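Asker: Sequence and predicted structure below; questions after.
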Amino acid sequence: MKAPGPDRGWSEIRIQGPTRLLEIVSEFLHSLGSAGAVFSRPSRPRPGHETMTAFLANDRTLNAKIESLNDYLKNLRSQFPGARLGHPRISTIVERDWINQWRETVAPTKVSKKFWVVPEWQKGPPPKKRPGELVITMEPGLAFGTGFHATTQLCLEMIEQLVPEKAKVVLDYGAGTAILAMAAALLGAKKTVAIDSDQLSVRVAKDNIAYNKLESRIQVIIAGKATAKRISPFNFDLVAANLFAGELLRLRFYIKRHLKKKGCLIAGGILTAQAKEVIAGYQKAGFSLVRKKERQGWVALLMKKK
């Protein structure tokens, strides 16, 4: 299937299939320029299957990217002939369509023990109805990380247990909407840095940080494609990285360099079947596993640098 004509906003790509294969496809789409992917239940639920939604800029390179995606899917089907990996459904959207859809379907929601996520255009519960709880005000734009996915919630729960008592200096790597960075800052982190390689995500992150009046407490950095350079001259007590398993493994030594001795890593975005591989990779890199939490087929790991 070919993409729509050029210069018409964004293309939404939906594919249904086994979660383990969609995870691989999402990483391939990331290499083509997608900022991330959202996994959800398909219209006809089936164990081990999900619908993956991703976005690519609808520019002059899009048709070539869609052809590469179709070739990649064809190759996957030949490697896994018994898997029901669907064909991509592609539709054209513009940014305001995405935001309007989000506005219509999202309500203030308690996403962890201490945090509510409240859309920017709505009012959250008054303080007297949420004693000791905190509100993160959100506008998603076309970035990912709104707090409603299980993997983000697991990361938030781990951050709550560490900040600020055990982690005062925090790095949110692959920040997206900056929800994890904002959570750390609201909990009292002394310094928080949010980094992403996608310019759109950086813009959305800055907007969300401004909505929550956290500009003076969170530094936002855009990373280049290469990850050889250090982000900052100091090391962190905690790195939160809600990425994909392949990215987590690729970045393990890079993340290690940015952690203090006995510093902690919260690693999210890991499918249950991938947890052992990620744990083994980080153990070989000099980390020990502290805690593993699982929800809805997703895993978050708390690891400590030795």
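Answerer: On my side now, so go ahead.

Asker: When you work out contacts or count neighbours from here on, use the C-alpha atoms and nothing else.
Answerer: Fine.

Asker: show me where the stretch 201-306 of the chain has helices.
Answerer: 245-250, 252-257, 275-284 (DSSP state H, counting those that start in this stretch).

Asker: In CSV, list those along with mean pLDDT.
Answerer: Listed next are the helices of the stretch 201-306 of the chain as CSV, based on pLDDT from 0 to 100:
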stretch, mean pLDDT
helix 245-250, 89
helix 252-257, 93
helix 275-284, 96
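
Asker: Mean neighbour count for those helices - can I get that in TSV?
Answerer: Output for those, formatted as TSV (neighbours: other CA atoms under 10 Å):
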stretch	mean neighbour count
helix 245-250	17
helix 252-257	18
helix 275-284	16
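
Asker: Adding distance to V169, write those helices out as JSON lines.
Answerer: What follows is the helices of the stretch 201-306 of the chain, written out as JSON lines (distance: least, CA to CA, whole Å):
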{"stretch": "helix 245-250", "distance to V169": "20"}
{"stretch": "helix 252-257", "distance to V169": "14"}
{"stretch": "helix 275-284", "distance to V169": "21"}
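
Asker: how deep is R291 tucked in, by neighbour count?
Answerer: Here the number of neighbours of R291 (other CA atoms under 10 Å) works out to 12.

Asker: How about G17?
Answerer: G17: 20 neighbours (other CA under 10 Å).

Asker: What about the nearest residue to it once chain neighbours are set aside, how many residues nearby?
Answerer: Nearest residue to G17, sequence neighbours excluded (CA to CA, 6 or more residues apart in numbering): L85, at 4.4 Å. Number of residues near L85 (other CA under 10 Å) recorded here: 20.

Asker: Does L85 fall in a helix, a strand, or a coil region?
Answerer: coil (DSSP: H, G, I helix; E, B strand; the rest coil).

Asker: With L186 instead?
Answerer: helix.

Asker: Once you drop chain neighbours, what's closest to it?
Answerer: For L186, the spatially nearest residue (CA to CA, 6+ apart) is L134, at 7.5 Å.

Asker: tell me the contacts of the one you found?
Answerer: L134 makes contacts with 114-116, 186, as judged by CA atoms under 8 Å, 6 or more residues apart in numbering.

Asker: ok, 10 Å please
Answerer: Neighbouring residues of L134 by CA atoms under 10 Å, 6 or more residues apart in numbering: 110, 112-117, 127, 183, 186-187.

Asker: Now the two most distant members of these.
Answerer: With CA to CA as the measure, no two of the contacts of L134 lie farther apart than P127 and A183, at 17.2 Å.

Asker: which one of the two has more residues nearby?
Answerer: A183 (21 against 11).

Asker: And the more buried one, how far from M158?
Answerer: A183 is 11 Å from M158, where distance means CA to CA, to the nearest Å.

Asker: Go ahead and confirm K305 touches A285.
Answerer: Yes. Taking contacts as CA atoms under 10 Å, K305 lies within contact range of A285: 8.8 Å.

Asker: Now the common contact residues for these two.
Answerer: Common neighbours of K305 and A285 (CA under 10 Å, 6+ apart) are K256.
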